[in-house]
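>>> Turn this into a model:
(one chain, ligands or ions: 2)
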Amino acid sequence: DTDLLRVRNLKTRFFTEEGQVNAVEGVSFDVRDNEILGIVGESGSGKSVTALSVIDLIESPGRVTDGEVWYRNPDLAAEFGDDPDVGIDGDHVDLRTVPKGVRRALRGPAFSTIFQDPMSSFNPSITVGEQIAEAVEVQRRARSNPRSTRSRTQGYGLVNYIVDGLVPGRSYVDEESMDRAIDLLSQVGIPDPAERAEEYPHQFSGGMLQRAMIAQALAGEPDLLIADEPTTALDVTIQAQILELLREIQDDRGMSIVLITHDLGVVARMCDRVCVMYAGEVVERGSLADVFDNPTHPYTQGLLGSIPDLQDPRPRLQPIEGNVPGLLDSEMGDRCYFADRCPKAMVDCLEKPPEFDVGDGPEHRTRCVLAERNYDPADALSSDRF
Ligand code: SF4
Ligand code: MG
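Ligands and ions are numbered 1, 2, ... in the order given. Down below sits the predicted model:
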């Protein structure tokens, strides 16, 4: 079994004054062992919300309303094996059905995240080394309380208490954790790690702080690292170095990475498989070669239409006329969400949403009626249709 994570039919809504916003509209994908899975799409397509939904970080007025998040963890599966409320499938546990404290406690040892802005991951008034050492310590305590010998929330509760109870300015870390933090800083390529550990976040350059954030994310030896636009704010040279580092740590640790980006050049260079998102849905998914060499969804075809050169460090998504729709439930309707911008849209496309489960192989899937039949220009709607 090579699926670390199986996400099924995930739906996330935001309940706003304007109405219900369907930010994630039934998303399914797998993350396999030892791979980099790219989630690519324009801003507003639901990439980040999807990732946050998987690790239960959606805040009010948002809520994950539907779906399953199957995480492979034999310990948890054994612990909850006789609980009728918890979904178990072999070694996989449906995280949506376990108590919230358990989900929270998995952040760090199971999943960790890095974001575009490393400043957001650090407290400006605590040294970088100490913050990473704290992460090490929290994870170590979590591990030294074996789940099987405790009630289901006791051990996790301790972790949450430590995290929530931190007082800025007070040191909570012992020497062993600090040594480990320095070791992590060195593993992410920070020179003079012992000295840098004593510095504050503002003393780090953008690229160095990005490395420190990666070190912090590795403190719990996670199975899965979610990297959300990790290099978007960096200049080209630093971007290349950080991507190289992510590749290395993925390879060395045999971990999996979900890489969220709007940058097709980053996907081409980094990813084993790709999900293309549009309007809260995965519209195409497959291996890198499936999606890049033989795109079957008109949206993907448009994105890839005029990438000048994949070796170019920063090709951008091809602008496609129009915007990602606003995703208000009242305005979505039973139709293909891409129809307004699709050069191949037909009458059928406005009558019902296309199925996802079609494509040219078990791996390569497309949400478009044209995946099952050839395009006939005679079917096209006239351009003044809307
Ligand atoms: Fe275009 Fe129709 Fe396919 Fe949607 S279903 S992408 S509108 S051809
Ligand atoms: Mg985003």
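>>> buried residues in the helix or strand where Q20 lies?
Here Q20 is covered by strand 19-32, with elements defined by DSSP states H and E. The neighbour-count criterion (16 or more other Cβ atoms under 10 Å) identifies 20-32 as the buried residues of strand 19-32. Bear in mind the C-beta positions are built from the backbone N, C-alpha and C, glycine included.
>>> mind listing the strands for this protein?
For the chain, the strands identified by DSSP state E occupy 3-16, 19-32, 36-40, 62-72, 88-89, 92-94, 111-114, 224-228, 256-261, 273-278, 281-287, 365-366, in order along the chain.
>>> Return the list of helices and strands in contact with the first one.
The reference is to strand 3-16. Packing partners of strand 3-16 (3 or more Cβ pairs under 8 Å, 6 or more residues apart in numbering; DSSP states H and E): strand 19-32, helix 47-54, strand 62-72.
>>> Please export the C-alpha coordinates of that strand as PDB.
What follows is strand 3-16 as a C-alpha-only set of coordinates in PDB (Å, rounded to 0.1, in the frame of the first residue of the first chain):
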ATOM      1  CA  ASP A   3      -1.000   5.700  -0.300                       C
ATOM      2  CA  LEU A   4       0.000   7.900   2.600                       C
ATOM      3  CA  LEU A   5      -3.100   9.900   2.200                       C
ATOM      4  CA  ARG A   6      -6.400   9.400   0.400                       C
ATOM      5  CA  VAL A   7      -8.600  12.500   0.200                       C
ATOM      6  CA  ARG A   8     -12.100  11.800  -1.000                       C
ATOM      7  CA  ASN A   9     -14.800  14.200  -2.000                       C
ATOM      8  CA  LEU A  10     -13.600  17.000   0.300                       C
ATOM      9  CA  LYS A  11     -15.900  20.000   0.500                       C
ATOM     10  CA  THR A  12     -15.200  23.300   2.300                       C
ATOM     11  CA  ARG A  13     -17.700  26.100   2.600                       C
ATOM     12  CA  PHE A  14     -17.400  29.700   3.900                       C
ATOM     13  CA  PHE A  15     -20.600  31.000   5.300                       C
ATOM     14  CA  THR A  16     -20.300  34.700   4.500                       C
END
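>>> just to revisit the earlier point, got TSV for the strands of the chain, with distance to ligand 1 and mean pLDDT too?
TSV is the format used below for these (distance: least, Cβ to the nearest ligand atom, whole Å; pLDDT from 0 to 100):
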stretch	distance to ligand 1	mean pLDDT
strand 3-16	20	95
strand 19-32	14	93
strand 36-40	16	97
strand 62-72	23	96
strand 88-89	32	96
strand 92-94	31	96
strand 111-114	31	90
strand 224-228	26	95
strand 256-261	22	96
strand 273-278	9	96
strand 281-287	7	95
strand 365-366	8	92
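>>> Including distance to V173, could the ones you listed go into TSV?
What follows is the strands of the chain, written out as TSV (distance: least, Cβ to Cβ, whole Å):
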stretch	distance to V173
strand 3-16	30
strand 19-32	32
strand 36-40	32
strand 62-72	29
strand 88-89	37
strand 92-94	31
strand 111-114	18
strand 224-228	23
strand 256-261	27
strand 273-278	38
strand 281-287	41
strand 365-366	47
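>>> S120: which of the helices and strands packed on strand 3-16 is closest?
Ranking the helices and strands packed on strand 3-16 by distance to S120, with Cβ to Cβ as the measure, places helix 47-54 first at 13.0 Å.
>>> State the mean pLDDT of that closest one.
For helix 47-54, mean pLDDT is 94.
>>> what does it contact?
Outside helix 47-54, the residues that touch it by Cβ atoms under 8 Å, 6 or more residues apart in numbering are 5, 7, 10, 12, 23-24, 27, 39-41, 58, 62, 64, 67, 69, 111, 113, 226, 228-229, 258, 260, 262, 277, 280.
>>> For PyMOL, what selects the buried ones among the residues you listed?
The following PyMOL command selects only the buried members of these, with burial defined by 16+ other Cβ under 10 Å:
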select buried, resi 5+7+10+12+23+24+27+39+40+41+58+62+64+67+69+111+113+226+228+229+258+260+262+277+280
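>>> quick one on the thing from earlier: how much does the strand holding Q20 deviate in direction from helix 47-54?
70 degrees (axes from the mean of the first three to the mean of the last three Cα atoms, to 10 degrees).
>>> pull the CA atoms of strand 19-32 into PDB?
Once non-C-alpha atoms are left out, strand 19-32 reads as follows in PDB (Å, rounded to 0.1, in the frame of the first residue of the first chain):
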ATOM      1  CA  GLY A  19     -23.900  33.700   1.000                       C
ATOM      2  CA  GLN A  20     -22.300  30.300   1.000                       C
ATOM      3  CA  VAL A  21     -19.000  30.100  -0.800                       C
ATOM      4  CA  ASN A  22     -18.100  26.700  -2.100                       C
ATOM      5  CA  ALA A  23     -14.300  27.100  -1.900                       C
ATOM      6  CA  VAL A  24     -13.600  23.400  -2.200                       C
ATOM      7  CA  GLU A  25     -16.200  21.500  -4.200                       C
ATOM      8  CA  GLY A  26     -15.600  17.700  -3.800                       C
ATOM      9  CA  VAL A  27     -11.900  17.300  -4.200                       C
ATOM     10  CA  SER A  28     -10.300  13.800  -4.300                       C
ATOM     11  CA  PHE A  29      -6.600  12.900  -4.600                       C
ATOM     12  CA  ASP A  30      -4.000  10.600  -3.200                       C
ATOM     13  CA  VAL A  31      -0.600  11.400  -1.800                       C
ATOM     14  CA  ARG A  32       1.800   8.400  -2.300                       C
END
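>>> Which neighbouring elements make contact with that strand?
Here strand 19-32 is seen to pack against strand 3-16, strand 36-40, helix 47-54, strand 62-72, strand 256-261, strand 273-278, strand 281-287, helix 329-332 when contacts are counted using 3+ Cβ pairs under 8 Å, 6+ apart.
>>> now the stretch 201-350 of the chain, which segments are flagged as low pLDDT?
Residues of the stretch 201-350 of the chain that meet the criterion pLDDT under 70 lie in 306-325.
>>> Flag every residue of it that's near ligand 1.
Selection of the stretch 201-350 of the chain residues close to ligand 1 by Cβ under 6 Å from any ligand atom yields 297-298, 336, 338-339, 342, 344-346, 349.
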